[in-house]
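> Fold the following.
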Amino acid sequence: MGKRGCVRIVVSVAIFFSAAEVALAPNCVTGPAWAEQLPSEAASDTLPIRDVHVSDFFVPQELGYVLDRQPPARAAGPTVIHIQEAHVNYEGQKHLIGILERLINDQRLALILVEGGEGDVGLSYLRSYGPPENRRDIAEKYLKAGLISAEEYLDIASDYPLVLWGVERKELYQRNVEAFMETEQRRASLRPALASVEQALEVLKPTLTDPQLAELDAKAEAFDQEALSLGEYAAFLDGLAARHGLSQTSYPHVAQLVALKALEATINLEQVLREQKELVSRLGTVIDTERFEALIEKAQGVKAETVSREEFYSALAELAKAAGMAFETYPSLSGYMDYLDAKQQLKPTALSEELERLVPLLRERLAATPHAKELQAISEELDLIGKLIDFTLSPQEHKRLSALDLSQAIGRWDSFLNAQLVGHGLEARTFVGLEELASNLPAFLRFYELAQARDEALVDNVVAKLQESSESLAVLITGGFHSPTITALLRDRGVGLVVVAPKISNAADSRLYHAVLKYKSGHGSLEDVQAASHPSESENALVLR
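Modelled structure (predicted):
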């Protein structure tokens, strides 16, 4: 499971839990009389300045998802909002613009740290070229073409006082780009060798594979193709793991997701709402006006999607406890709050990592015979190598692949597969291109090694810039492959973290991404970018006047 797999799980988690939350959103406290008592919106000069509490950070579901949270090691330590962007994905970039604008307006965000550059990479100097509406029109065209990113769009089109700072080490970045260009040219010639081995595997699987393993592969494929929900997939894996003696302690987030699905089925939303209204009405008669208005303001914030449900219900529970009200008299409301609390403990990133470990482990358990085990090993090796040359390996998958002797692995494919084909009365095959495949893989591995070296240098530069600027809040924007390693390194440095993925409905266009990367690195042309993004438009549409 690579980058797409992780994003798929994040989106699935959001959809899975949306119904029980959205149903209550319009009436979190509700009541015209109470709404009239709401204080007016705070003036801009009274907004908190860079005072984001990790536990309270909230992203509206139409813009994106919070993947993980980690408070800073010390109370006054800096917090980084680490955003995993989808390069050249227009929908994702527009949602990222929305997330950044909320941070700028609500928290006075000023420092945005980005990969792909070193030092000051701001474009605010282009603001002198025209009024905001003209700048927005031009920046929009560049954004659609993939030539600028969300933060660059804001730096051109808005008047926000932003600092865009590249946190790369230029030499490492250039070497990584060169490695990408070198390997990218070889990909097409390597695919036929992988396809021929895959075809042989598919022929042998029905005769060598346990039916349960075939079912597991079918479920995994259905989930990847979005024909199976995350809840259904997790329930299947949990049941299969239990039948084969795997403890739930090995996959706590998968087990937690299954338990949450069962808990969600017990929630009576109408009863929750009735109890909620009753509790709030009682609180209005026993607590002071200031605290009651603060509760109402949080409820209105839930409806405006500036406050999370968890924050509102936490405040409600604290007020009820202070007023001496027993929550056991509100069983449905109490159960719903337990559900929200348990849901918040579920980490999509951790869930993705567990699935990456659990599925191969189950496949190993289900491969009962030596021949089945060898077939499964080849299948996994083939999958990892395919992701390697497609540049879609996750860090965990890269670690597994690096532990293999790839030349030795590829060398045994031919003899094993043909022995099995002939042994089952089938015709032997000639696997053309395996030697070329083996000889080219070190270059692809080098690309990933350089990417990881970039990550370490990037984190050093992030920490240095935070110290230099004395900012307590910054945004860091990187691509999906880098995010898990960077998150772990920042966590080790004691930096507070909120990991966010902007919402996207479709994966980025790899053809456009490659065209843009080649153009920006001096290996391609603007015409190539135009052909990949807007083939019907002329180059003049991309000229900044």
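> in terms of contact, does Arg365 touch His244 like I think?
Yes: Arg365 lies in contact with His244 (CB atoms under 8 Å); the separation is 4.7 Å. Where you see a C-beta, it was placed from the backbone N, CA and C, and this is true even at glycine.
> Who has more neighbours out of the two?
Arg365 (18 against 13; other CB atoms under 10 Å).
> Look up how far Met181 lies from the more buried one.
41 Å (CB to CB, to the nearest Å).
> worst-scoring helix or strand of the protein, pLDDT-wise?
Across the helices and strands of the chain, mean pLDDT, DSSP states H and E gives its lowest value to helix 32-36, namely a mean of 26.
> Following element in sequence after that one, please.
strand 64-70 (DSSP states H and E).
> tell me what the helix or strand following that following strand is packed against?
The helix or strand immediately downstream of strand 64-70 is strand 79-85, counting by DSSP H and E. The contact analysis (3 or more CB pairs under 8 Å, 6 or more residues apart in numbering; DSSP states H and E) places strand 79-85 against helix 90-107, strand 473-479, helix 483-492, strand 496-502.
> let's see it at 6 Å
Here strand 79-85 touches strand 473-479, strand 496-502, going by 3 or more CB pairs under 6 Å, 6 or more residues apart in numbering; DSSP states H and E.
> Highest mean neighbour count out of the ones you listed?
strand 496-502 (a mean of 25; mean count of other CB atoms under 10 Å).
> That strand pairs with which strands?
Paired strands of strand 496-502, with direction, are strand 64-70 (antiparallel), strand 79-85 (parallel) (DSSP bridges).
> quick one: it to helix 90-107, angle?
140 degrees (axes from the mean of the first three to the mean of the last three CA atoms, to 10 degrees).
> I'd assumed Leu246 was in a helix, is it?
No: secondary structure of Leu246 (DSSP: H, G, I helix; E, B strand; the rest coil): coil, not part of a helix.
> Just give me the neighbour total for it.
Around Leu246 there are 17 residues (other CB under 10 Å).
> got a list of contacts for stretch 353-366?
The contact list for stretch 353-366 (CB atoms under 6 Å, 6 or more residues apart in numbering) reads 1, 210, 212-213, 216, 240, 244, 251, 253-254, 376, 396.
> And the residues you listed, which is closest to Ser149?
When the contacts of stretch 353-366 are compared for distance to Ser149 (CB to CB), Met1 wins out at 25.9 Å.
> in the stretch 201-350 of the chain, which spans are helices?
211-224, 230-243, 252-264, 269-286, 289-303, 309-322, 331-345, 348-366 (DSSP state H, counting those that start in this stretch).
> Let me know the outermost residue of the protein.
Going by CA atoms, centre = their mean, the residue of the chain most distant from its centre is Gly425, 46.7 Å out.
> what pLDDT does it get?
On the pLDDT scale, Gly425 is placed at 93.
> three-state assignment of it?
coil.
> Same check on Glu381?
helix.
> Could you double-check that it sits in contact with Gly411?
No: judged on CB atoms under 6 Å, Glu381 makes no contact with Gly411 at a distance of 11.4 Å.
> So which of those two has more stuff around it?
Glu381 (19 against 13).
> and Leu437, how far is that from Gly301?
Leu437 is 56 Å from Gly301, by CB to CB.
> show me where pLDDT drops low in the stretch 1-150 of the chain?
1-53, 55-56 (pLDDT under 70).
> Domain ranges for this structure, per the record?
1-40+210-364, 48-180+473-542, 186-209+367-470 (automatic domain parsing).
> Pick the most buried one from those domains.
The stretch of those with the highest mean neighbour count (mean count of other CB under 10 Å) is domain 48-180+473-542, at a mean of 18.
> Low-confidence stretches in this structure?
1-53, 55-56, 507-509, 514, 534-545.
> If we use 80, what do you get?
Across the chain, residues meeting the criterion (pLDDT under 80) sit at 1-58, 75-76, 304-306, 308, 327, 344, 348-349, 480-483, 505-545.
> Longest helix in it, by number of residues?
helix 434-469 (DSSP state H).
> how big is the angle separating that one from helix 483-492?
40 degrees.
> for helix 434-469, the distance to its chain's centre please.
19 Å (CA atoms, centre = their mean, to the nearest Å).
> same check, this time on stretch 257-277
27 Å.
> just stretch 374-381 next, same as before
28 Å.
> same check, this time on stretch 299-310
23 Å.
> Check stretch 103-123 too.
Using CA atoms, centre = their mean, the distance between the centre of stretch 103-123 and that of its chain works out at 20 Å.
> Next: stretch 527-536.
With CA atoms, centre = their mean, you get 28 Å for stretch 527-536.
> Just the C-alphas of it, formatted as CSV.
Backbone C-alpha positions of stretch 527-536 (Å, rounded to 0.1, in the frame of the first residue of the first chain) are rendered in CSV as follows:
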residue,chain,number,x,y,z
GLU,A,527,4.6,23.3,-24.3
ASP,A,528,4.8,19.9,-22.6
VAL,A,529,3.1,21.3,-19.5
GLN,A,530,0.4,22.9,-21.6
ALA,A,531,-0.2,19.7,-23.6
ALA,A,532,-0.6,17.8,-20.3
SER,A,533,-2.9,20.3,-18.6
HIS,A,534,-4.8,22.4,-21.2
PRO,A,535,-4.2,21.0,-24.6
SER,A,536,-6.8,23.3,-26.2
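> ok, and what's touching it?
Residues contacting stretch 527-536 (CB under 6 Å, 6+ apart): 145-146, 511-512, 515-516, 519, 539.
> Mind checking which of the residues you listed land in strands?
Taking DSSP state E, every one of the contacts of stretch 527-536 sits outside strands.
> of all those, which two lie farthest apart?
Arg511 and Glu539 (18.0 Å).
> With adjacent residues omitted, what lies nearest to Leu103?
In space, and not counting its chain neighbours, Leu103 is closest to Leu109: 4.0 Å by CB to CB, 6 or more residues apart in numbering.
> Ser505 sits in which helix or strand?
Per DSSP H and E: nothing holds Ser505, as it lies in no helix or strand.
> what's near enough to touch it?
Going by CB under 6 Å, 6+ apart, the list of residues near Ser505 is empty.
> That'll do, ta.
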